[in-house]
Structure formats: C-alpha cells, structure tokens
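> kindly generate the corresponding structure for this input.
(2 chains)
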Amino acid sequence: TQLLEQSPQFLSIQEGENLTVYCNSSSVFSSLQWYRQEPGEGPVLLVTVVTGGEVKKLKRLTFQFGDARKDSSLHITAAQPGDTGLYLCAGADASGTYKYIFGTGTRLKVLA
Amino acid sequence: DSGVTQTPKHLITATGQRVTLRCSPRSGDLSVYWYQQSLDQGLQFLIQYYNGEERAKGNILERFSAQQFPDLHSELNLSSLELGDSALYFCASSVEGGLAGQETQYFGPGTRLLVL
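Numbering: from 1, shown residues only, chains lettered A, B, ... in the order given. Have a look, this model is predicted:
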C-alpha cells in the first residue's frame, strides 16, 4: 500500500516567518502534485513536479521533488495570512495508473 | 469557482439509509473522479469514470456505487449508511482522465454528509 506522510500535521506561525512542509514516501512516484484547500472548498492544484530534483517556484512558494522521486517539500517564504489552509501532496503511481495517492495533509495557520 | 458543481452541499441522514450525491463536471471535461475526505483518513480516491465508463477504482466500499451518465454528470450512491461514512465527498473532473499526473483535476466544493 502506498502512503504519503506529511509533516508537520499542524503549523501555526506568525506573519513574515518562513516554513517548510514535507511529503515523504517509500514509494516512487512518476509525478507529485501540491494542493491547497480552504474551508468549505475543494483542493486547488498549486503545482505539479515531474522530474527528480526538480524545483518550481510560485511567487513565495518553492516546491522541490526529491532526486529519487519519493519525497517532496514545499517552502513558503514570508508567510501571509492568505497562505492559511490545508496543504496536500498527491503522488501519481509510477507504474502508470489513473490513481492519485494523497498525503495526510498539513494544516497551516498564519497569524497576522 | 472551479466550474465543477456538486449537490447537495449538506446532507444529514440516519444509519441504514441510502443517499445519492450528484456532480456536474466542468464544461468539456470527460472524466469524473470521486473522493472521500474524513478527519482520520485524509483524502481517499474512490472511483473514476471516463466518458461513461469506469476507468479506475480505489478504496470504494461495496455499499457504494457510482455511474456517469451520457450528459457526463455523475452520481455517487451510498447505501446502508454507517456512522463512519460521515465525511466530505468531493467530485473532481479533468479533460481526458489520462494517467495520474498528466492532467489537472478540478475539484468541486464537496458534499458534507453526516450520518446520525
């Protein structure tokens, strides 16, 4: 069974601080996606990383795919209250299926 | 607004009952996915349809079934409901429903089911 463990589960920080969220697995994924979900809404795709070692930046968010394609990280610089939400990673099975395996989620709260 | 609509938004029912959740995909999307999100299990993939045909199955219980109609809307039927079925149920859609990671899935706002 493929599992994606995210850490930390909960994070409460002050506006302006930096943070990193981790997504780890013992399985290899062909690609990995990061989503943000706000209360009362469905997840919204932030980024897809495909190549081992790939780094993508989205304004103050930096996403990295591990070299072995088993893990990923999301780094937020100078967090803002608008970054508050549930962050989910989702891996695509490397054996080539239609299924996504979602991580356990990191609930972030940024205090003004 | 993702363009995916789900009804109803909230549903309260009793154990043993049966409910139907409805999803309309984004215009032009041929594939629909159903997910269950609970506090202890996170977001779990249930089932995927592409142009009316089942394409992939996840952790869907035998008490649950789904279908995609010719107009591409989809319904998820949950029967013999148990307390543990209380969760958020999300529908997502994508254009072609290709291999995981190849496309963007657009999620609807979800249906919150409470089984008492």
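> next one, pLDDT for residue 48 please.
Let's take chain A. Here, the pLDDT recorded for A:T48 equals 92.
> switch to chain B, please.
B:Q48 is assigned a pLDDT of 93 by the prediction.
> which neighbours does the strand or helix carrying it have in its sheet, and in what orientation?
Element membership for B:Q48, per DSSP states H and E: strand B:42-50. Applying DSSP bridges, strand B:42-50 is found paired with strand B:31-38 (antiparallel), strand B:53-57 (antiparallel).
> what comes into contact with that strand?
For strand B:42-50, contacts defined as CB atoms under 8 Å, 6 or more residues apart in numbering or on different chains pick out A:43, A:88, A:90, A:98-105, B:30-38, B:54-60, B:64, B:66-68, B:74, B:76, B:90, B:96-97. (Each C-beta comes from the backbone N, C-alpha and C, glycine too.)
> residues of it that come out buried?
Residues B:42-50 are the ones in strand B:42-50 that count as buried (16 or more other CB atoms under 10 Å in any protein chain shown).
> now do the SS call for B:G84.
Secondary structure state of B:G84, per DSSP: H, G, I helix; E, B strand; the rest coil, is helix.
> show the contacting residues for it.
B:G84 sits next to B:V115 when contact means CB under 8 Å, 6+ apart.
> distance check, it against chain A.
Separation of B:G84 from chain A (CB to the nearest CB, to the nearest Å) stands at 18 Å.
> C-alpha coordinates for the strand holding B:Q48, CSV please?
The C-alpha trace of strand B:42-50 is given here as CSV (Å, rounded to 0.1, in the frame of the first residue of the first chain):
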residue,chain,number,x,y,z
GLY,B,42,-7.5,12.2,4.7
LEU,B,43,-8.5,12.4,1.0
GLN,B,44,-9.2,8.9,-0.4
PHE,B,45,-9.7,8.1,-4.0
LEU,B,46,-12.9,6.2,-4.6
ILE,B,47,-13.6,5.8,-8.3
GLN,B,48,-13.0,7.4,-11.7
TYR,B,49,-15.2,7.5,-14.8
TYR,B,50,-14.3,8.5,-18.3
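> next structured bit after the helix or strand bottoming out on mean pLDDT in chain A?
When the helices and strands of chain A are compared on mean pLDDT, DSSP states H and E, strand A:100-102 comes out lowest with a mean of 88. Downstream of strand A:100-102, the first helix or strand assigned by DSSP H and E is strand A:106-111.
> quick one, phi psi at B:I60?
Backbone torsions of B:I60, given as degrees, to the nearest 10, read phi -90, psi 130.
> spatially nearest residue to it, not counting backbone neighbours?
Leaving aside its sequence neighbours, B:I60 sits nearest to B:L46 (CB to CB, 6 or more residues apart in numbering or on different chains; 4.4 Å).
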